[in-house]
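>>> how would this look folded up:
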Amino acid sequence: MKIRIAVASIALCVALPVAAETYTLDPVHSEVSFETEHLGFSHQLGTFVKSTAKATIDRTAKTGTVDVTIDPASVRTHDSTRLDAIVKGEKFFNVEKYPTITFKSSDFKFDGDRLVAVNGELTLLGVTKPVTLSVDHFRCGANPYNKKPMCGGDASATIKRSEWGMTGGLPYAPADEVKVLIPFEAYQVEP
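Numbering: from 1, shown residues only. Next comes the predicted model:
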């Protein structure tokens, strides 16, 4: 009788789906950055120093959600005395009028067990449009130092800033096409 109960308990545990896990962004090892051509000669780089994100992922059901908030006032270029003020201004991120940039999704795409894309909506300058983030090197496991469960990878997308109404400097500086790069690490939230 005890053996039957034990076998039934094991079978039930195996049959039950794993619940979605919740993760929060590790800001020390995650950074939203962008790259765009400058005058057709070189690439201009920028970084947002402040961002937060919360995600859920159910690797068994192959589903998930993500909610990212970026502080555009935290944008940094390699010219803090002049260019930072320009990109924060009305012609670009207009941080006074639009104090947040968001990306939200509930559409994760998997290739087998590997997350490969996240389809969502980017809100920039008050305009919301669909964007697909390609995900590379995604993996989950224990951090080798602190043993806490975490997931990480690299996400990227290429957008045209003019589609969100950011037309300052077009067509030359900076170019319309912007590559968004997001190396990320996130720790699992304890239930």
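>>> next, count neighbours for the residue nearest to K148 when sequence neighbours are not counted.
Nearest residue to K148 in three dimensions, chain neighbours excluded: Y187, at 5.5 Å (C-beta to C-beta, 6 or more residues apart in numbering). Backbone N, C-alpha and C define where each C-beta goes, glycine included. Y187: 18 surrounding residues under other C-beta atoms under 10 Å.
>>> so who does Y187 touch?
With contact set as C-beta atoms under 8 Å, 6 or more residues apart in numbering, Y187 has these partners: Y23, T24, D26, N143, K148, P149, M150.
>>> for it, list each beta-bridge partner.
Beta-bridge partners for Y187, by DSSP bridges, are T24, M150.
>>> so where's the longest strand in the protein?
Identified as the longest strand of the chain according to DSSP state E is strand 127-142.
>>> about what we covered before: just the pLDDT for the residue nearest to K148.
pLDDT for Y187: 97.
>>> kindly report the same for T22.
Model confidence at T22, given as pLDDT, is 97.
>>> now do E96
For E96, the model assigns a pLDDT of 97.
>>> burial count for it?
Neighbour number of E96 under other C-beta under 10 Å is 10.
>>> and if you look at W164?
Around W164 there are 19 other residues, counting by other C-beta under 10 Å.
>>> list the residues that contact it.
Here W164 is in contact with L122, L124, L125, V127, K129 (criterion: C-beta under 8 Å, 6+ apart).
>>> so the third one makes contact with M166?
Yep, that's L125 we're talking about. Yes - with contact defined as C-beta atoms under 8 Å, L125 and M166 form a contacting pair (6.1 Å).
>>> in the chain, what helix or strand scores lowest on average pLDDT?
helix 2-15 (a mean of 44; mean pLDDT, DSSP states H and E).
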